[in-house]
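Enquirer: model the following, please.
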Amino acid sequence: LDRLGREGAVFDRAYCPNTVCTPSRVSMMTGLHLSRHGAYNVGTRAWNDSIFLSRKLRACGYRTKHIGKAHWHPWQAPSPETAPVQESGEPFRDFVGFEEAELSIGHGIWGVTAHYAAWIRAKGYDFRELNAVRRLFEDDANDTGDWEMPASLHSGAWIAERAVDFLEQRAAASDGRPFFLNLGFQDPHHPHIVPFDFQNRVDPYAVPPPDTDWEAEQGAPEHVSYFRRGGISRTRFVGSFVIAGNSDEPWEAYFRNEEKSRQTRAYYYSMVQLLDEQIGVVLEALDRLGLAEDTLVIFASDHGEMLGDHAIGQKGPMIYEGVTHIPLLMRYPAGFSSGRRIAECVSLVDLLPTLLDFAGIEDDCPRDGISLKPALTEGASLGRPGVRIEYKEEPNRIRFKCWVTPEWKLAVYTGEPFGELYDLTSDPGEKRN
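Expert: Here you go, the predicted structure:
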């Protein structure tokens with residue numbers, strides 16, 4: 001990832017449009033906020049998937065393939081993502097604009113599913129014998145521990161191997177078609193588990209502690225206090241379903257336990273180390289196959305992770321930097337020079353317009369995002385004061401719209417007596433609301 005940043009562009013202030021998986025992922029594929037695409041929470045879907053990036057590129061002649069986590073549809077109900085996978089692991093065909101798709105559903109021990117599970121079987125292993133964790137702590141909402149799954153069979157290894165296979169096919173093809181390859185790496189994400197044989201781990205004592213000094217905070221919104229002390233499921237903020245992306249865990253007590261805090265953070269960062277190596281496999285394949293120069297590579301995350309900051313873990317209906325500020329790297333040697341850093345606020349809704357702009361494809365669908373191409377190729381200002389984040393837990397539960405500029409962050413909660421406003425210049429830790 002450091003190489004990707006050196007050889008391309010780093011966006012210092014990139015934000016997710018929502019702080020849980022499905023809404024943010026659908027925003028990436030549509031260039032729209034959840035109030036316009038409709039997939040407002042986990043377990044929902046877009047009103048209209050005909051406007052997905054994959055469909056647009058395929059209609060323009062691109063060879064399209066998805067590998068890994070998609071999460072554009074419900075996982076707990078019949079949907080395109082829960083269709084049965086053949087024993088042979090045959091890819092799904094015509095999957096929301098992707099000519100082929102190979103999927104995984106879930107994370108860690110709960111994510112050995114679909115085409116990923118079929119791939120392990122094809123390697124001659126019974127994944128049920130490998131799918132166990134030696135947990136470090138008896139009571140741990142992050143399930144921190146060592147996975148019996150070897151690194152060679154990790155979900156990221158599967159994604160990287162299948163990605164390289166696709167790239168080799170495209171390099172050898174004579175049809176002249178450009179390609180769109182979408183890779184959904186499952187980690188880092190709770191459970192915080194690392195393959196038992198992965199050696200390149202982060203030292204727990206090299207990891208700085210989280211900023212858990214929430215007593216110094218002023219004016220935190222009401223619902224946030226329940227994430228710290230636990231028990232949000234027993235409050236007025238919960239409707240028919242559990243809060244997305246979080247639990248009743250008393251996170252303050254969790255991260256005040258120094259050993260547990262050090263270890264779970266170190267395991268999370270070790271998952272990043274493993275992902276980093278897997279991304280390297282893909283970049284090396286692009287080099288070896290002569291595809292690197294004319295391939296636009298984008299690395300992003302659908303949301304962040306609190307990981308103990310503000311004495312909170314995981315994610316959910318919050319606007320803190322830990323969960324809203326995301327990594328965004330782009331590299332395109334034929335398209336823009338290396339070593340760029342862009343300080344303006346950008347959003348995942350900007351990815352679709354940017355990709356279509358670089359591809360020279362006209363778009364007749366109004367999008368919420370804007371193209372980042374002028375900033376990348378000319379160093380031009382984006383001409384936009386900031387970005388928006390939206391959250392809708394349920395129609396009559398926690399809902400907010402949040403605006404982020406380089407200096408300020410403002411959240412308006414529909415129907416609530418509270419809101420949030422932070423001066424990010426003088427208060428980057430967001431302690432004074």
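
Enquirer: Glu148 and Val194: what is the separation?
Expert: Glu148 sits 11 Å away from Val194, going by C-beta to C-beta, to the nearest Å. Using the backbone N, CA and C atoms, a C-beta is placed for each residue, glycine as well.

Enquirer: who has more neighbours, these two?
Expert: The residue with more neighbours, out of Glu148 and Val194, is Val194; 28 against 18, by other C-beta atoms under 10 Å.

Enquirer: tell me which element that one is part of?
Expert: Per DSSP states H and E, Val194 falls inside strand 193-195.

Enquirer: equivalent analysis for Gly5, please.
Expert: Here Gly5 sits within helix 2-7, counting by DSSP H and E.

Enquirer: buried set for that helix?
Expert: Leu4, Gly5, Glu7 (16 or more other C-beta atoms under 10 Å).

Enquirer: is it true that the last one touches Pro333?
Expert: Put plainly, it is Glu7. Yes. Between Glu7 and Pro333 there is a contact under C-beta atoms under 8 Å: 7.2 Å.

Enquirer: show me the strands in the stretch 51-200 of the chain, by range?
Expert: With strands called from DSSP state E, counting those that start in this stretch, the stretch 51-200 of the chain shows them at 63-68, 92-95, 98-103, 133-135, 145-147, 179-184, 193-195.

Enquirer: contacts for the fifth one, please.
Expert: Outside strand 145-147, the residues within contact range by C-beta atoms under 8 Å, 6 or more residues apart in numbering are 108-109, 132-136, 154, 191-196, 267.

Enquirer: from those residues, which two are the most distant?
Expert: Spanning the widest gap among the contacts of strand 145-147 are Leu136 and His154, at 18.8 Å by C-beta to C-beta.

Enquirer: so these two - more neighbours on which side?
Expert: Shown here are Leu136 and His154; by other C-beta under 10 Å, His154 has more neighbours (24 against 18).

Enquirer: on that earlier part again, so what are the sheet partners of the strand holding Val194 and their directions?
Expert: Paired strands of strand 193-195, with direction, are strand 145-147 (parallel) (DSSP bridges).

Enquirer: could you list the alpha-carbon positions for stretch 140-151 in CSV?
Expert: Below are the C-alpha coordinates for stretch 140-151, written out as CSV (Å, rounded to 0.1, in the frame of the first residue of the first chain):
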residue,chain,number,x,y,z
ASP,A,140,-14.1,-10.8,23.9
ALA,A,141,-16.6,-9.0,21.5
ASN,A,142,-13.8,-8.8,18.9
ASP,A,143,-12.9,-12.6,19.2
THR,A,144,-9.2,-11.8,19.1
GLY,A,145,-7.1,-14.9,18.4
ASP,A,146,-5.2,-17.2,16.1
TRP,A,147,-7.1,-18.8,13.3
GLU,A,148,-6.4,-22.4,12.4
MET,A,149,-6.8,-21.4,8.7
PRO,A,150,-3.3,-21.2,7.2
ALA,A,151,-2.4,-17.9,5.5
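
Enquirer: just the buried positions in that stretch, please.
Expert: Quick answer for stretch 140-151 (16+ other C-beta under 10 Å): Asp140, Ala141, Asn142, Asp143, Thr144, Gly145, Asp146, Trp147, Glu148, Met149, Ala151.

Enquirer: cool, and stretch 20-39?
Expert: Going by neighbour count (16+ other C-beta under 10 Å), the buried part of stretch 20-39 is 20-34, 36-37, 39.

Enquirer: stretch 164-171 too?
Expert: Buried residues in stretch 164-171, counted by 16+ other C-beta under 10 Å: Val164, Phe166, Leu167, Arg170.

Enquirer: filter the buried residues of stretch 20-39 down to the ones in helices?
Expert: Judged by DSSP state H, helices contain the following of the buried residues of stretch 20-39: 21-30, 34, 36-37.

Enquirer: turn these into TSV, columns for pLDDT and distance to Gly239.
Expert: Shown next, in TSV, are these (pLDDT from 0 to 100; distance: C-beta to C-beta, whole Å):
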residue	pLDDT	distance to Gly239
Cys21	96	19
Thr22	96	17
Pro23	97	17
Ser24	98	21
Arg25	98	22
Val26	98	21
Ser27	98	23
Met28	98	26
Met29	98	27
Thr30	98	26
Leu34	97	17
Arg36	97	22
His37	97	21
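
Enquirer: and which of those is nearest to Pro91?
Expert: Nearest to Pro91 out of those is Met29 (C-beta to C-beta; 18.5 Å).

Enquirer: if we can go back for a sec, which two in the buried residues of stretch 140-151 are spaced the farthest apart?
Expert: Using C-beta to C-beta, the buried residues of stretch 140-151 reach their maximum pairwise distance at Ala141 and Ala151, which is 24.7 Å.

Enquirer: still on that earlier bit, now, which of the buried residues of stretch 140-151 sits nearest Leu328?
Expert: Lowest distance from Leu328 to those (C-beta to C-beta) belongs to Asn142, with 25.1 Å.

Enquirer: can I assume that closest one is in contact with Pro188?
Expert: No. With contacts counted by C-beta under 8 Å, Asn142 stays clear of Pro188, the gap being 11.0 Å.

Enquirer: and Ala77, what pLDDT?
Expert: pLDDT for Ala77: 87.
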